[in-house]
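Novice: Here is my input, please return the structure:
(one chain, ligands or ions: 2)
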Amino acid sequence: MKLLLLGSGGREHALAWKIAQSPKIEKLYIAPGNAGTASVGENVDIKADDFDGIAQLVIDREIDMVVVGPEDPLVKGIYDYFKGHSLLRNIPVIGPSRAGAQLEGSKDFAKGFMKRHGIPTAAYATFDGEHVEEGCRFLETLAPPYVLKADGLCAGKGVLIVPTLDEAKKELRGMLAGKFGGASSRVVIEEFLSGIECSVFVLTDGRDYKVLPEAKDYKRVGEGDTGPNTGGMGSVSPVPFVDAAWMQKVNDEIIRPTVKGLAAEGLDYRGFIFFGLINCQGQPKVIEYNCRMGDPETEVIMLRLKSDIVDLFEGVATGTIGTKRVELDPRAAVCVMCVSGGYPGAYGKGYPVSGTDNITDSVLFHAGTTVGKDGRVVTSGGRVIAVSSYGTSLADALQKSMEGAGRVEFEKKYFRTDIGLDLK
Ligand code: AMP
Ligand code: GLY
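Specialist: Ligands and ions are numbered 1, 2, ... in the order given. This next block holds a predicted model:
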């Protein structure tokens, strides 16, 4: 089979690494990919949301399946574009329709969906620019801290958690006045939940589903979960507090009602569902849905998934996911992200990357790299290389990933040394 993967980050290198191991794969293309994906397939210089360019590529290279890494093309409707194209309607796209992707594309839609299907989540209300005062009054009914979410996609920056009522009202006014552009023309205000977070992923064919290994990501830039939020500084799998009883609740109260709800509402959904969960005194609740895999969660999950991922994708495409088996590697996996100094604030780009060749105890997934004019690999983003390792325990896997991260070289490299150490 010829498969095209869309995207260019660490998640996509991890997916490409796993896809390339499948005996079913004759040729793997990645658009646009990065310096890492070029080592497991062929990069094609087309943006992940250039639908016409992608269509032409699929036709020219006789591609049999398209797997979508990031949310943007999904929310913009790449699934529907293929379904509506006379030459492409039979090419499976792994990812939901535009309507299904609203689970991620609109926080208000996701909250309404959970309410309609009785799925546990934080209490909420949504306000637009014509109801600012009602929004302020709703804030007065809540206890601090206050959670404000831009309704639309904001590249992970649209959630504010503020300590005082005055600040919350000020932020609400700012958001509704366009702080995040059109994405915050509606704002979801939520009850604050406290507990440990964890991400659960499933692959669904719209009727049935298979659960992939759970993971936890570390978003803050600094040791001990301090400093500003990033795209993710590391991840672990498994997550020690996730036991069979808790997963049973997640299945019964969250995953199954979500998949049934999608079908009941006629939302065409064949792809990944990412459940961002929080454990509130033993009760799992949904913090958010995403319509794609997580980054950097994928960089540990792909290590733990033993089954052929292309076989699972075929199950999604043909409505037979229920007949597939998901086999897991029992070892722990930890990912440590090497980032460029200054990130998530201003940072430099174009620094040569070296030291990556002789790291045998870890798998390196490129996140923000590109091949420079002279053929050398250089940095092109804040998150540069994810170092993932197996271990007999999370601490053992962390040790290996830190050793690997220590050997990767580029100017102003930084990584956290405490990924997973908070979990017992
Ligand atoms: P989201 O983009 O919805 O995942 O929100 C980003 C982060 O904000 C989450 O990963 C949580 O850490 C935090 N967060 C979101 N909603 C809540 C909530 N209702 N209570 C506590 N923390 C939250
Ligand atoms: N790691 C969180 C995300 O991918 O959104």
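Novice: Tell me which residues of the longest helix out of those in the chain come out buried.
Specialist: If you go by DSSP state H, the chain has its longest helix at helix 394-407. Across helix 394-407, burial judged by 16 or more other C-beta atoms under 10 Å covers 394, 397, 398, 399, 400, 401, 402, 404, 405, 406, 407. For every residue, glycine as well, the C-beta is placed using N, CA and C.
Novice: Closest to ligand 1 out of the residues you listed?
Specialist: residue 394 (20.1 Å; C-beta to the nearest ligand atom).
Novice: ok, which of the buried residues of helix 394-407 also contact ligand 1?
Specialist: By C-beta under 6 Å from any ligand atom, no member of those lies near ligand 1.
Novice: of all these, which comes closest to residue 303?
Specialist: residue 397 (9.0 Å; C-beta to C-beta).
Novice: right, and that closest one touches residue 404 too?
Specialist: No. Contact criterion C-beta atoms under 8 Å: residue 397 and residue 404 do not qualify, at 10.7 Å.
Novice: between the two, what contacts are shared?
Specialist: Contact with both residue 397 and residue 404 is made by residues residue 389, according to C-beta atoms under 8 Å, 6 or more residues apart in numbering.
Novice: could I get the buried residues of helix 394-407 as TSV with distance to residue 156 and pLDDT?
Specialist: Shown next, in TSV, are these (distance: C-beta to C-beta, whole Å; pLDDT from 0 to 100):
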residue	distance to residue 156	pLDDT
394	25	98
397	25	98
398	24	98
399	29	98
400	28	98
401	23	98
402	25	98
404	26	98
405	23	98
406	28	97
407	29	97
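Novice: Compile those residues into TSV and extend it with columns for distance to residue 185.
Specialist: Formatted as TSV, those follow (distance: C-beta to C-beta, whole Å):
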residue	distance to residue 185
394	42
397	43
398	42
399	47
400	46
401	41
402	44
404	44
405	41
406	46
407	47
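Novice: Would you mark the buried spots in stretch 239-249?
Specialist: 239, 242, 246.
Novice: do the same with stretch 73-84
Specialist: So for stretch 73-84, counting by 16+ other C-beta under 10 Å, buried means 73, 74, 75, 76, 77, 78, 79, 80, 81, 82.
Novice: Out of those residues, which is nearest to ligand 1?
Specialist: residue 75 (14.1 Å).
Novice: you'd agree the closest one is up against residue 105?
Specialist: Yes. The criterion here is C-beta under 8 Å, and residue 75 meets it with residue 105 at 3.9 Å.
Novice: what sits in contact with each of the two?
Specialist: In contact with both residue 75 and residue 105: 98, 153, 291, using C-beta under 8 Å, 6+ apart.
Novice: quick one: the longest strand seen in the chain to helix 394-407, angle?
Specialist: The residue-count maximum for a strand in the chain (DSSP state E) belongs to strand 226-237. If you take axes from the mean of the first three to the mean of the last three C-alpha atoms, to 10 degrees, strand 226-237 sits at 120 degrees to helix 394-407.
Novice: Is strand 226-237 in proximity to ligand 1?
Specialist: No. Using C-beta under 6 Å from any ligand atom, strand 226-237 stays clear of ligand 1, with a minimum separation of 7.6 Å.
Novice: C-terminal to that strand, what's the next element?
Specialist: Using DSSP states H and E, the helix or strand that directly follows strand 226-237 along the chain is helix 244-249.
Novice: Can you list the neighbours in contact with that following helix?
Specialist: Contacts for helix 244-249 (C-beta under 8 Å, 6+ apart): 200, 211, 214, 279, 282, 283, 284.
Novice: redo that, cut-off 6 Å
Specialist: The set of residues external to helix 244-249 that reach it, using C-beta atoms under 6 Å, 6 or more residues apart in numbering, is residue 284.
Novice: next one: phi and psi at the nearest residue to residue 29 once chain neighbours are set aside?
Specialist: Excluding the flanking residues, the one nearest residue 29 by C-beta to C-beta, 6 or more residues apart in numbering is residue 4, at 4.6 Å. With angles defined as degrees, to the nearest 10, residue 4 sits at phi -110, psi 130.
Novice: partner residues bridging residue 4?
Specialist: With DSSP bridges as the criterion, residue 4 is bridged to residue 29, residue 66.
Novice: ok, now which ones touch it?
Specialist: Going by C-beta under 6 Å, 6+ apart, residue 4 touches 29, 63, 66.
Novice: what residues are up against the second one?
Specialist: Translated: residue 63. 2, 4.
Novice: hang on, it in a strand?
Specialist: No. According to DSSP: H, G, I helix; E, B strand; the rest coil, residue 63 belongs to no strand; its state is coil.
Novice: Helices - which of the buried residues of stretch 73-84 land there?
Specialist: Reading helices off these with DSSP H, I get 73, 74, 75, 78, 79, 80, 81, 82.
Novice: Could you list which residues are in contact with the third one?
Specialist: It stands for residue 75. 101, 105.
Novice: returning to that earlier point: the longest helix of the chain packs against which elements?
Specialist: Contact analysis of helix 394-407 by 3 or more C-beta pairs under 6 Å, 6 or more residues apart in numbering; DSSP states H and E lists strand 332-340, strand 383-391 as its packing neighbours.
Novice: Let me see the mean pLDDT of the last one.
Specialist: Spelled out, it's strand 383-391. Averaged across strand 383-391, pLDDT comes to 98.
Novice: List, one by one, the residues from the stretch 151-300 of the chain near ligand 2.
Specialist: Within the stretch 151-300 of the chain, the positions adjacent to ligand 2 are 156, 217, 232, 290, 294, 295, 297 by C-beta under 6 Å from any ligand atom.
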